[in-house]
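Enquirer: using only what follows, build the 3D model:
(one chain, ligands or ions: 2)
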Amino acid sequence: MKNIILDCDIGVDDASALIMLLKNQQKVRLSLVSTVAGNSKIENVCNNTIFILRNFATRWVSVAVGASKPLYGERKLDASDVHGEGGLGGLKVEKQSDAKFTTEVAEEKIYKILSSSKRKITLVAIGPLTNIALLIKKHPEIVKKIAKIIIMGGSISGIGNITPFAEYNFAWDVDAAKSVVESGLKIYLSPIENANNMPVCDDEILASLKDAEHAEILKKIFLNLQDGSVPFGFALHDSCAAAFLLKPNLFKTLKCDIKINDDKKDKRYGQCFCEIHKKGKNLVFVPKNYQKVKNFILKTTFGG
Ligand code: RIB
Ligand code: CA
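Expert: Ligands and ions are numbered 1, 2, ... in the order given. So this is what the prediction gives:
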């Protein structure tokens, strides 16, 4: 049983990733969900997280509130055009009153769990990396308690989705992304090319929808989305990170060095390249067969 902590900015594809993990509690034990602003403001991300857990979790999972803005400066990017005003597509989530959050902020709660755990824990980071950067900055020694970190972000070839050069999670907090990439953590990166090459369409979702109990919620979140970064359908980027955690043998892993452009004056600010070579300090993973990964994501998110 893998103990994991999920750091997310729920968001539509984050919701898919969380649902995939919740439907595989026999494989992974979710010790904590920590939230970070990104796709939507932190209040919405927290509300959405509680909503998904209340509807899909079979046991209590702690939620910690994280960063509402990047390490330095104010929040500039917002993805409501893709993820909807509230962050869950067409679903209007009512305020989750009496929602309970940890007393500690995200990075302190993650630190507490890691330092008290007898075994190393895997982190899965599918939003901006602000919380993870704060964790390492405040508690650098904690890196040794992290088995690995699976990150959705960046790209292999320097392409972007929020600009032609920068991927959203890294662009939202470039300083955080750079400091995590250079932290010495064992990083497994899921780049945007993965989901870009297998966008999901409404008819595929409807054909996979066997989860009668949650059908209406799932249809409202995942149907009729407009994802401008792919020619058709929706790119479920975070679902690829969850799929790697649950079924790593569906992917090929390559050694690389992840390079991030942090020159604020450069139009390519936030651009990420994976320099693939045998002595690479990081790892990047890509599907061995895109259709198999897509089928797994569809079945695990929308299946009964
Ligand atoms: O670029 C894709 C990433 O940005 C995904 O994590 C999506 O949820 C958004 O956060
Ligand atoms: Ca996300």
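
Enquirer: most remote residue from this protein's center?
Expert: Each residue of the chain has a distance to the centre, and by Cα atoms, centre = their mean the biggest one is for residue 265: 27.7 Å.

Enquirer: number of residues surrounding the nearest residue to residue 163 once chain neighbours are set aside?
Expert: Leaving aside its chain neighbours, residue 163 sits nearest to residue 171 (6.6 Å; criterion: Cβ to Cβ, 6 or more residues apart in numbering). The way it works is simple: take the backbone N, C-alpha and C, and place the C-beta from them, glycine included. A total of 24 residues lie near residue 171 under the criterion other Cβ atoms under 10 Å.

Enquirer: what sits opposite residue 255 in the beta ladder?
Expert: Counting by DSSP bridges, residue 255 forms beta bridges with residue 283.

Enquirer: cool, and residue 149?
Expert: Where residue 149 sits in a bridge, its partners, by DSSP bridges, are residue 123, residue 187.

Enquirer: my read: it touches residue 190, true?
Expert: No. In this structure, residue 149 is not within contact of residue 190 by Cβ atoms under 8 Å, at 11.2 Å.

Enquirer: with neighbour numbers in mind, choose between these two.
Expert: residue 190 (28 against 22).

Enquirer: quick check: pLDDT value at that one.
Expert: On the pLDDT scale, residue 190 is placed at 98.

Enquirer: now do residue 295
Expert: With respect to pLDDT, residue 295 has a value of 98.

Enquirer: contact residues of this protein facing ligand 2?
Expert: 9, 11, 14, 126-127, 238 (Cβ under 5 Å from the ion).

Enquirer: give me the ChimeraX select line for the residues you listed, limited to the buried ones.
Expert: Filtering these down to the buried ones (16 or more other Cβ atoms under 10 Å) takes a single ChimeraX command:
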select :9,11,14,126,127,238
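
Enquirer: give me the subset of the residues of the chain next to ligand 2 lying in helices.
Expert: Among these, the ones falling in helices (DSSP state H) are 14, 238.

Enquirer: filter the residues of the chain next to ligand 2 down to the ones near ligand 1?
Expert: Contacts with ligand 1 within the residues of the chain next to ligand 2, as defined by Cβ under 6 Å from any ligand atom: 9, 11, 14, 126-127, 238.

Enquirer: so which one among the residues you listed has the lowest pLDDT?
Expert: Among those, pLDDT bottoms out at residue 11, giving 95.

Enquirer: what are the phi and psi values at it?
Expert: Dihedral pair for residue 11: phi 120, psi 150, per degrees, to the nearest 10.

Enquirer: check the gap between it and residue 28 for me.
Expert: 20 Å (Cβ to Cβ, to the nearest Å).

Enquirer: residue closest to the middle of this structure?
Expert: Most central in the chain (Cα atoms, centre = their mean) works out to residue 126, at 1.5 Å.

Enquirer: tell me the residues of the stretch 101-250 of the chain that contact ligand 1?
Expert: Close to ligand 1, as judged by Cβ under 6 Å from any ligand atom, the stretch 101-250 of the chain has residues 126-127, 152, 161, 167-169, 192, 237-238.

Enquirer: okay, now residue 119: neighbour count?
Expert: Neighbours of residue 119 under the rule other Cβ under 10 Å: 9.

Enquirer: what pLDDT does it get?
Expert: On the pLDDT scale, residue 119 gets 94.

Enquirer: helix, strand, or coil at it?
Expert: coil (DSSP: H, G, I helix; E, B strand; the rest coil).

Enquirer: for residue 286, which three-state class applies?
Expert: strand.

Enquirer: likewise for residue 77?
Expert: coil.

Enquirer: what's the spacing between it and residue 49?
Expert: From residue 77 over to residue 49 (counting by Cβ to Cβ), the distance is 20 Å.

Enquirer: looking at these two, which has the bigger crowd around it?
Expert: Between residue 77 and residue 49, counted using other Cβ under 10 Å, the more crowded position is residue 49 (28 against 18).

Enquirer: now for the more buried one: which residues touch it?
Expert: Listed by Cβ atoms under 8 Å, 6 or more residues apart in numbering, the contact set of residue 49 reads 8, 10, 18, 33, 35, 63.

Enquirer: most surrounded residue in the residues you listed?
Expert: residue 10 (35 neighbours).

Enquirer: for it, give me its contacts.
Expert: Residue 10 neighbours (Cβ under 8 Å, 6+ apart): 18, 35, 39-40, 45, 48-49, 52, 87-88.
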